[in-house]
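**Q** Predicted model, plus sequence, below.
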Amino acid sequence: MRTSEETLAALRDCPHYGISELLQIMQVLRSENGCPWDKEQTHASIRQDFLEECYEAVEAIDMNSVPMMREELGDVLLQVVFHCQIETEASHFTFDDICDELCRKLVIRHPHVFGEVKADTSDEVLKNWDAIKQETKQQETATDTLEGVCKALPALMYAQKLGKRAGRAGMDWRSAEDAFRYIRLETDELEQAMQQGDAAQIEDELGDLLFSCVNTARHLHIDAETALRGAAQKFLKRFAETERLVAADGHEMSELPIETLDTYWAKAKQKQSAT
């Protein structure tokens, strides 16, 4: 593709860009006289970029930053357009094809809006959505629905979705207390594996323990991914306060024994609890 100077000028000086200009810019970047880096990329080479942009968009949502959301959602859209352009060049599908399929899916999965189905609550909507999704994806068994969970999800999210779908089939704990008991059992089994020193068994039992924690979180109506992220952020803040306290006494953390650091950690924890 050879891009005329007029086209480049029009794209460069456009007073207000829309989706059509975005698609055209990506086409230019991937063209013969486009950007060397953009031309070299494949689905696999920009896969991680897609993930990172999605996480940055989620961070913008968590921060409730409208300007940041606008920017990061644009970066996510860029990734969609990038992947689409690669497939357009291969004559597999276009951006319009993506939009067409998405719109058809939305209409089909909202029969209470576009059809005659009645759904007055969110629970009824979700029940209908799951039933339609199972039918359209030809999921005939409960195992099919579990296998349909995206395997690229972070492990905690993946485990929680598996547990939720298993629960719909009746394979679940009756209560959070029942699920919690298995945390104790799995902790004992992990301890036994550690005593035996079998690395593979230790990893297996640790996985079982984490899975039991996820099941307990689900029964407590807590998102395990969010809970762990909150704990990690709390650790970061407490670590920073511990380091500040150590520095205030004229020390370096790396120079102190763990017993002394534990004392500073307790002080940091007490200070955070008081605020």
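**A** That came through, no problem.

**Q** which residue ranges form the helices in the chain?
**A** Using DSSP state H, the helices of the chain run over 5-12, 19-29, 36-40, 47-62, 66-89, 95-108, 111-114, 122-136, 142-147, 155-168, 176-196, 199-219, 224-248, 258-274.

**Q** List the buried residues of the lowest-mean-pLDDT helix or strand in the chain.
**A** Least confident helix or strand of the chain, by mean pLDDT, DSSP states H and E, is helix 122-136 with a mean of 82. For helix 122-136, the neighbour count (16 or more other CB atoms under 10 Å) marks 125, 128, 132, 134 as buried. Just so you know, the C-beta spots here come from the backbone N, C-alpha and C atoms, and that holds for glycine as well.

**Q** Quick one: neighbours of the residue nearest to residue 155 when sequence neighbours are not counted, just the number.
**A** Leaving aside its chain neighbours, residue 155 sits nearest to residue 210 (7.8 Å; criterion: CB to CB, 6 or more residues apart in numbering). Residues lying near residue 210 (other CB atoms under 10 Å) number 18.

**Q** One more: the one 3 residues further on?
**A** Residue 213 sits with 21 neighbouring residues when counted by other CB under 10 Å.

**Q** ok, now residue 250?
**A** Counted with other CB under 10 Å, residues neighbouring residue 250 total 6.

**Q** and it, how far is that from residue 188?
**A** Distance, residue 250 to residue 188, using CB to CB, to the nearest Å: 44 Å.

**Q** just residue 233 next, same as before
**A** Counting by CB to CB, the gap from residue 233 to residue 188 is 30 Å.

**Q** before we move on, what about residue 89?
**A** Distance, residue 89 to residue 188, using CB to CB: 57 Å.
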